[in-house]
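J.: sequence and predicted structure below; questions after.
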Amino acid sequence: MEWTNTIVQGVLTGGLYAMFAAGLSLIFGVMRLVNIAHGDFIVLAAYLALVVTETLGLDPLVSLVIVIPLMAAIGYALQRGLLNRTLGDDLLPPLLVTFGLSVIIQNGLLELFTADSRRLQAGALEVASFEVARGVSIGVLPLLQFVAAVAVIGALQALFYRTAFGRAFRATSDDPAVARLVGLDNAHVFGLAMALSLAVVALAGVLLAVRANFDPAIGPARLIFGFEAVIIGGLGNLWGTLAGGIVLGVAQAIGAKLDPGWQLLAGHLAFLLVLAVKPEGLFPRIRA
Amino acid sequence: MSVPPFQVRFFDRGGEIALAGVAALVVALACAPWWAGRDQLYLLEEIFAYVALASLWNLLAGYAGLVSVGQQAYVGLGAYALFGLAILADVPPLWAIAGAGVIGAIAAVPVAALVFRLRGHYFAIGTWVVAEVFRLLASQISALGGGSGTSLPAGIVIAIAPTRTMREFVIYWIALALVAAIIGLILLLLRSRYGLALTAIRDNELAARSNGVDVARVKFVVYVFTACGTALVGALIFLQKLRISPDAAFSVNDWTAFVIFITVIGGIGRIEGPIVGTIVFFALRQALADRGALYLLMLGAVAIVVMLKAPKGIWGVVVDRLGWQIFPLRRRVVYPSRPDTSAGSRK
């Protein structure tokens, strides 16, 4: 029963990792950009929510109404103003610019909020849980996170394959030059993709911040978790990414159970194992 | 087989003058213990370490196209290898530095086999994961203090040299020799057949491959060489600090962020770039040292502006405007049978 409990908790955490990964995977799919600052944007969203809840006295989950559009706007402006200029055949500019952004966000937050760890207060929700079987209880908050992750991935999947938006994303992804020929404004499409990515990041950041302490330095580790979930699941497959997040969450939970020092290590080792044995990921997208 | 009617030369008059200048500078620096104070020596050592780290990263990212953000893995590995060999295996500390380089190179082989499976941007994050794994493993070594680290025992420190002054001189000379050797080896590498291959990969990987360059092999060799050099530098840095901890040894800010910013600002893909960048970096740091996080923030912003406005960095602008080169890398074809036309017409 103890082990079942461990695995259930790992699966639920995995949902959060999948949400980190979904935003990362989305912009890589549309414009072949890996945002090294992705994790720092998650932390930025958490701090924005902190400011909103403290100044307006809102509940963290209600603060999403403000934080999500705000992050989306930041994403759109950032893409149009900065990141679009880095796109091209050369890998280096986008990598270095997003790496620079990561350092800027981290140290900016450090200046503004100090290195103290913070947390969003969600009241009774934080500790609420119910027992599904003897010895296995599920927290309401972790469950909420997991359901949110499934909903986000389902929504992204539907958006990609069933809407005009999604067609535009897929068209610029397949061939930016031809996409422009048929009347798409690539710069705008990329801006929208980044806006969407940071909207997902905002949700993930707030959900992370009600569940655990955060400080300005935790961004890179979130980037790595998201990245590992993407690679474990298989590039370009959103449901695979969810599975990747779950594998990572479970590996960490098992590692932590064996020895607290092994939590992160076990997750990384699971990732390296997949890379060694099945480098295309567990659920690679089937190419037509 | 007939002898080709031309020769390939690296030197021209300006190049010889520049190289003589470099030689004079190295001699002057080697004499630094007689003209510099303790603080200045310490600063010079730090400068040497960053020139070496940035030159290695430049070779990796600027020439071989392997943009790693995980080189702190090898700085930390080198440092831990030094402490491990010296404390646990009683290896004399100066030999332990060499041992750290060997361990760095050996560790790079399986790591390369794994991370080379990731392409482009994902390779970058993959190297970061490896560095995290190394850091977490280091914090599990209880014999070296686990997560809180350990100091080098006095007995081992004395084995370097009996007096503090002599010790400082020895470490200084090793640091100078190491940075000179690393830049020298990179120069030799770039002037060899590998150099042509690397320059071709830098300019256009696809074209290089279609001209018969074994891209994967060249990248592998560069990755292992860089790991070895980075581990040597890491060992030396922490021999000087005398204290190690996982967070300091595997710090992404100290050993990767600074190094990347130095290279980008100075000029990526040019051997002079990291040297110029390090000088700018230390000048800025002396001016802004008390600003802490704000300093790092500004450095990031400067690097972004340079990347967008002058992607070849400061030295790239110098080369474009003035055509200077300090290190003789530019190949020129000379026809000895005819009056020398190429050297004069190409400026």
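T.: Structure's in. What do you need? Everything numeric in this text was worked out from a predicted model, so none of it was measured.

J.: A:Ile254 reaches A:Thr6, doesn't it?
T.: Yes. At 6.3 Å, A:Ile254 and A:Thr6 qualify as touching, with contact defined as CB atoms under 8 Å. (C-beta placed from N, C-alpha, C; glycine too.)

J.: what residues does the stretch 101-250 of chain A put near chain B?
T.: Neighbours of chain B within the stretch 101-250 of chain A, by CB under 8 Å from any CB of the partner chain: A:101-104, A:107-108, A:110-111, A:220-221, A:223-224, A:227-228, A:231.

J.: mind listing the strands for the stretch 1-150 of chain B?
T.: Using DSSP state E, counting those that start in this stretch, the strands found in the stretch 1-150 of chain B span residues B:7-9, B:150-151.

J.: out of those strands, which gets nearest to chain A?
T.: With CB to the nearest CB as the measure, strand B:150-151 is the member of the strands of the stretch 1-150 of chain B nearest chain A (17.0 Å).

J.: quick one: list the elements packing against that closest one.
T.: strand B:243-244 (3 or more CB pairs under 8 Å, 6 or more residues apart in numbering or on different chains; DSSP states H and E).

J.: and the strand it packs on, what other elements does it pack with?
T.: Using 3+ CB pairs under 8 Å, 6+ apart as the contact criterion, the elements in contact with strand B:243-244 are helix B:72-83, strand B:150-151.

J.: which residues sit against that strand?
T.: The contact list for strand B:243-244 (CB atoms under 8 Å, 6 or more residues apart in numbering or on different chains) reads B:Ala79, B:Tyr80, B:Phe83, B:Leu144, B:Gly145, B:Gly149, B:Thr150, B:Ser151, B:Leu152, B:Phe238.

J.: now, of the residues you listed, which are buried?
T.: Neighbour-count burial (16 or more other CB atoms under 10 Å in any protein chain shown) applied to the contacts of strand B:243-244 gives B:Ala79, B:Tyr80, B:Phe83, B:Leu144, B:Gly145, B:Gly149, B:Thr150, B:Leu152, B:Phe238.

J.: returning to what we had before: mind telling me which of the strands of the stretch 1-150 of chain B the model trusts least?
T.: Between the strands of the stretch 1-150 of chain B, the lowest average pLDDT goes to strand B:7-9, which shows a mean of 71.

J.: what lines up beside that one in the sheet?
T.: Applying DSSP bridges to the sheet, strand B:7-9 is found paired with strand B:332-334 (antiparallel).

J.: and the partner strand, average pLDDT?
T.: Mean predicted confidence for strand B:332-334 is 70.

J.: one more: stretch A:183-201?
T.: 93.

J.: show me where pLDDT drops low in the chain?
T.: Going with chain A. A:286-288 (pLDDT under 70).

J.: could you do chain B instead?
T.: Scanning chain B for pLDDT under 70 picks out B:1-4, B:10-14, B:289-290, B:328, B:330, B:332, B:336-347.

J.: I'd guessed A:Ala276 sits against B:Leu114; true?
T.: Yes. Using CB under 8 Å, A:Ala276 is in contact with B:Leu114, at 6.0 Å.

J.: these two: who's more crowded?
T.: Neighbour count, other CB atoms under 10 Å in any protein chain shown: between A:Ala276 and B:Leu114, B:Leu114 has more, with 18 against 12.

J.: now the more buried one, nearest residue through space, not along the chain?
T.: With sequence-adjacent residues excluded and distances taken as CB to CB, 6 or more residues apart in numbering or on different chains, B:Leu114 is closest to A:Leu275, at 5.5 Å.

J.: buried stuff in the host helix or strand of that neighbour?
T.: A:Leu275 is part of helix A:263-277 when elements are defined by DSSP states H and E. For helix A:263-277, the neighbour count (16+ other CB under 10 Å) marks A:Gln263, A:Leu264, A:Leu265, A:Ala266, A:Gly267, A:His268, A:Ala270, A:Phe271, A:Leu272, A:Val274, A:Leu275 as buried.

J.: show me what it packs onto, helices and strands only.
T.: Counting by 3+ CB pairs under 8 Å, 6+ apart, helix A:263-277 packs on helix A:219-233, helix A:238-258, helix B:93-115, helix B:120-138.

J.: B:Val306: which of those helices is closest?
T.: When the helices and strands packed on helix A:263-277 are compared by CB to CB, helix B:120-138 sits nearest B:Val306, at 18.8 Å.

J.: buried ones only from the residues of the stretch 101-250 of chain A next to chain B, please, as a PyMOL command.
T.: The buried residues among those can be selected in PyMOL (16+ other CB under 10 Å) with this line:
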select buried, chain A and resi 101+102+103+104+107+108+110+220+223+224+227+228+231
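
J.: and of the residues of the stretch 101-250 of chain A next to chain B, the nearest to A:Gly14?
T.: Nearest to A:Gly14 among these, counting by CB to CB, is A:Glu228 at 10.9 Å.

J.: pull the contacting residues for the closest one.
T.: Per CB under 8 Å, 6+ apart, neighbours of A:Glu228: A:Tyr17, A:Gly244, A:Leu248, A:Gly267, A:His268, A:Ala270, A:Phe271, B:Val129.

J.: distance of it relative to A:Val201?
T.: When CB to CB, to the nearest Å is the yardstick, A:Glu228 and A:Val201 sit 17 Å from each other.

J.: packing partners of the helix or strand hosting A:Val150?
T.: Using DSSP H and E, A:Val150 maps to helix A:140-162. On a contact count with 3+ CB pairs under 8 Å, 6+ apart, helix A:140-162 meets helix A:2-31, helix A:164-174, helix A:186-211, helix A:238-258.

J.: just checking, A:Arg285 touches A:Trp239?
T.: No. Counting by CB under 8 Å, A:Arg285 stays clear of A:Trp239, with 10.0 Å between them.

J.: ramachandran angles for A:Gln121?
T.: Dihedral angles of A:Gln121 (phi, psi; degrees, to the nearest 10) stand at phi -90, psi 120.

J.: neighbours around it, how many?
T.: A:Gln121: 13 surrounding residues under other CB under 10 Å.

J.: let me know whether it touches A:Thr53 as I believe.
T.: Yes. Judged on CB under 8 Å, A:Gln121 makes contact with A:Thr53 at a distance of 7.5 Å.

J.: what about A:Gly183, distance to A:Arg167?
T.: Distance, A:Gly183 to A:Arg167, using CB to CB: 12 Å.

J.: and the two? which has more neighbours close in?
T.: Just comparing A:Gly183 and A:Arg167: by other CB under 10 Å the higher neighbour count belongs to A:Arg167, 14 against 7.
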